[in-house]
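Asker: okay, predicted coordinates and the sequence, questions at the end:
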Amino acid sequence: MTEPSSLDSTRASYDTVAVDYAALLADELTDKPYDRAMLTAFADLVKAGGGGRVGDLGCGPGRVTVHLRDLGLTAFGIDLSPGMIAVARRTYPDLTFDEGSMTALDLADGSLAGALAWYSLVHTPPEQLPDIFAEFHRVLAPGGHLLMAFKVGAECVRLEQAYGHTVALDVYRFPPDDVAELLVKTGFRVQARLVREADSREGTPQAFLLMVKPMAP
């Protein structure tokens, strides 16, 4: 798959903010019990299925990757931004982090027991989602699980200042039913969905979809 041109500005923006982003969001999960509950459910399902490698796709500075590790998963991270990967490697030297794009993952077919896309598609135009979901489906083994988190809505917001820096980011909000429908069309089955209300730092409700790639008949 050819890399979309929109990834250039996303990569550059996250390279710019990487250090401050990591510092500001280091403890973000602490006061988000619903978010942690979905991550725990995901981890429990992966372990119940026999375990295996789990990719945090769009891992940023690795804060959720290490949370997955602490939940008992064999987790590693992939991110578009070299700056984010550098921060993740410095912060968590015992984990593996590599540069890469969700549009063309450098992973073998069926090589993952689990895949996490934790707000990592918020800069992805809706028309590109089917191709990325096909990549998720390709790299997951039958019986593998996918957990997604994203902002609820049906619009795009332009972000030009973030984490104390100038950036150039389009932030997309998605209707949960539309995302679930696309995932089902890709070959996934819905296991659970959660929409929680926005907290004091968020402008919209937040959605979580837990999917499974069915076993071959």
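Answerer: Arrived safely.

Asker: what's the weakest-modelled helix or strand in the chain?
Answerer: Ranked by mean pLDDT, DSSP states H and E, the weakest helix or strand in the chain is strand 156-162, scoring a mean of 80.

Asker: check which helices and strands the helix or strand following that one sits against.
Answerer: Note on strand 156-162: by DSSP states H and E, the next helix or strand toward the C-terminus is strand 165-172. Other helices and strands packing on strand 165-172, by 3 or more Cβ pairs under 8 Å, 6 or more residues apart in numbering; DSSP states H and E, are helix 6-24, strand 156-162. Just so you know, the C-beta spots here come from the backbone N, C-alpha and C atoms, and that holds for glycine as well.

Asker: just say which of those is most tucked in.
Answerer: helix 6-24 (a mean of 18; mean count of other Cβ atoms under 10 Å).

Asker: show me what the least confident helix or strand of the chain is packed up against.
Answerer: Using 3+ Cβ pairs under 8 Å, 6+ apart, strand 156-162 is in contact with strand 165-172.

Asker: can you show me the CA trace of the strand it packs on as PDB?
Answerer: Output of strand 165-172 as PDB, limited to C-alpha atoms (Å, rounded to 0.1, in the frame of the first residue of the first chain):
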ATOM      1  CA  HIS A 165       4.100  23.300  20.200                       C
ATOM      2  CA  THR A 166       2.900  24.300  16.700                       C
ATOM      3  CA  VAL A 167       1.500  21.300  14.900                       C
ATOM      4  CA  ALA A 168      -0.500  20.500  11.700                       C
ATOM      5  CA  LEU A 169      -3.000  17.800  12.600                       C
ATOM      6  CA  ASP A 170      -6.500  16.800  11.500                       C
ATOM      7  CA  VAL A 171      -8.300  15.100  14.300                       C
ATOM      8  CA  TYR A 172     -11.200  12.900  13.200                       C
END
